[in-house]
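Novice: build me a structure from this.
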Amino acid sequence: MPVEQALKKAASLWRESRMAVALTGAGISVAAGIPDFRSPGGLWSRFDPMRVATAEALFARPDEVWAFLLEARDVVARATPTPAHTALARLEEAGRLEAVITQNIDNLHQAAGSKNVIEYHGGMGRYHCLACLADHDPREAARLTSRDIPWRCRDCGGVVRPDIVFFGESIPLDALRKSGQLALAADFLLVVGTSGEVAPANSLPYQVHGRGGVVVEINSGESAFQAMADVRITAPAEVALPLLEKRVFDGLS
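Specialist: Numbering: from 1, shown residues only. Here you go, the predicted structure:
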């Protein structure tokens, strides 16, 4: 379906919906300067995720894990919200979007102004000690250099970690509960920039679709959802989402 036709159909379906929710992945943040970790040039091209991004690695190789985390921190720190992030924030403010469920750890939805953000994989803006669980100031994390790692707790000497979900760890129960409730209530799900490879977030579109809800996908590449989506907009998120937002609002005026 041509992009303009897909935008028009998606906007019409959005206006007819009672509750719309967005599910976002790495693709929405590429234009912000955050390459998909799995893409060429992404962090997994320089680090072995099974060596630096597991809970076991935090205990066994905290220095290597923190070398990776410093790079991830710097990539996130340089990023700013894209027009796609700000479009979602405006749609929420206008009452046309209930929440954003994101697989990203970059905090860009919040930076753009979104209020109801469910972080499936946590975020780089919060830190705590593995041993005593004490919270640590993210401003301290911003000042860390390679001479300061691994970051250790000032109270007990334990390793400090960000509140992100490492490989092998469970999704936070609060995120699972809230996203499950939203999937049950939503009759419109906008999927943006995710290939649908990572469970359990990839089950949410099928849950909404299985109950008769509408699934609209914005993706410039292939995905697991393209055959199932009611509408697929094949364009970069930072281009398509502001155009879709305009058509949603134009139809309401």
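
Novice: please enumerate the helices of the chain.
Specialist: For the chain, applying DSSP state H gives helices covering 3-16, 49-52, 55-60, 62-78, 83-93, 108-112, 138-143, 173-185, 204-210, 237-252.

Novice: what's the closest of these to residue 33?
Specialist: helix 62-78 (5.6 Å; CB to CB). The way it works is simple: take the backbone N, C-alpha and C, and place the C-beta from them, glycine included.

Novice: still on that earlier bit, to residue 36, which of the helices of the chain lies closest?
Specialist: helix 62-78 (11.3 Å).

Novice: give me the buried positions along the closest one.
Specialist: Going by neighbour count (16 or more other CB atoms under 10 Å), the buried part of helix 62-78 is 62, 64, 65, 66, 68, 69, 70, 72, 73, 75, 76.

Novice: packing partners of that helix?
Specialist: Contacts defined by 3 or more CB pairs under 8 Å, 6 or more residues apart in numbering; DSSP states H and E place helix 62-78 against helix 49-52, helix 55-60, strand 122-129, helix 138-143.

Novice: circling back: mind putting the helices of the chain into a markdown table with distance to residue 151 and mean pLDDT?
Specialist: Listed next are those as a markdown table, based on distance: least, CB to CB, whole Å; pLDDT from 0 to 100:
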| stretch | distance to residue 151 | mean pLDDT |
| --- | --- | --- |
| helix 3-16 | 43 | 96 |
| helix 49-52 | 15 | 91 |
| helix 55-60 | 11 | 92 |
| helix 62-78 | 6 | 93 |
| helix 83-93 | 28 | 98 |
| helix 108-112 | 23 | 97 |
| helix 138-143 | 7 | 94 |
| helix 173-185 | 24 | 95 |
| helix 204-210 | 34 | 95 |
| helix 237-252 | 33 | 92 |
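
Novice: report the contact partners of the closest residue to residue 3 other than its chain neighbours.
Specialist: Spatial nearest neighbour of residue 3, excluding adjacent residues (CB to CB, 6 or more residues apart in numbering): residue 235 at 5.4 Å. Residues in contact with residue 235 (CB atoms under 8 Å, 6 or more residues apart in numbering) are 3, 218, 220.

Novice: show the buried residues in these.
Specialist: residue 218.

Novice: nearest to residue 184, of the contacts of residue 235?
Specialist: Distances from residue 184 to the contacts of residue 235, taken by CB to CB, are shortest for residue 218, at 23.0 Å.

Novice: that closest one reaches residue 193, doesn't it?
Specialist: Yes. Residue 218 lies in contact with residue 193 (CB atoms under 8 Å); the separation is 7.0 Å.
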